[in-house]
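Asks: curious how this folds, go ahead:
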Amino acid sequence: MATLTYVYADSTAVLGPLATYAEPHCYDLCEQHAGSLTVPRGWEVLRLAMPTSPQQPGPDDLLALANAVREAASLPPKLQTTQNQRASHSALEAPAAAEGTRRGHLRVLREPS
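Replies: Purely as a prediction, here's the structure:
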């Protein structure tokens, strides 16, 4: 895995180790796509040194996961119901037929009232 970052001002694409947080204009790539990356004519590709082995979760990662689980478990029942409310609908209904609303094979379905 690698992260691709474009530096438009320098006409450069930087391919480096997987980023630890999301940023605009950054894209995570699998090994196959990172290896076959091409850029527009006139652009340069900077390939930074990649780690030889996958990074293992550290103590901070495990602590963050444990805190997220604790936080989800401590939500009041009413709040949990509100967050899962969309999942409680049993079925969707087709909208009332109207001329010109159908395009191709796709149709918009509305939630039942």
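
Asks: for the record, mean pLDDT for the lengthiest helix in the chain?
Replies: Of all segments of type helix in the chain, defined using DSSP state H, the longest is helix 59-73. Mean pLDDT, helix 59-73: 80.

Asks: which elements pack onto it?
Replies: Identification of packing neighbours for helix 59-73 by 3 or more C-beta pairs under 8 Å, 6 or more residues apart in numbering; DSSP states H and E yields no helix or strand. Using the backbone N, CA and C atoms, a C-beta is placed for each residue, glycine as well.

Asks: now what about that helix, what contacts it?
Replies: Residues outside helix 59-73 that contact it (C-beta atoms under 8 Å, 6 or more residues apart in numbering): none.

Asks: mind saving the C-alpha coords of that helix as PDB?
Replies: Extracted in PDB, the C-alpha atoms of helix 59-73 (Å, rounded to 0.1, in the frame of the first residue of the first chain):
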ATOM      1  CA  PRO A  59       0.000   0.700  21.400                       C
ATOM      2  CA  ASP A  60      -1.700   4.000  20.400                       C
ATOM      3  CA  ASP A  61      -3.800   2.200  17.700                       C
ATOM      4  CA  LEU A  62      -5.000  -0.400  20.200                       C
ATOM      5  CA  LEU A  63      -5.800   2.200  22.800                       C
ATOM      6  CA  ALA A  64      -7.800   4.300  20.200                       C
ATOM      7  CA  LEU A  65      -9.700   1.100  19.300                       C
ATOM      8  CA  ALA A  66     -10.500   0.300  22.900                       C
ATOM      9  CA  ASN A  67     -11.700   3.800  23.600                       C
ATOM     10  CA  ALA A  68     -14.000   3.800  20.500                       C
ATOM     11  CA  VAL A  69     -15.500   0.500  21.700                       C
ATOM     12  CA  ARG A  70     -16.000   1.900  25.200                       C
ATOM     13  CA  GLU A  71     -17.600   5.000  23.800                       C
ATOM     14  CA  ALA A  72     -20.000   3.100  21.600                       C
ATOM     15  CA  ALA A  73     -21.000   0.800  24.500                       C
END
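
Asks: all set, thanks.
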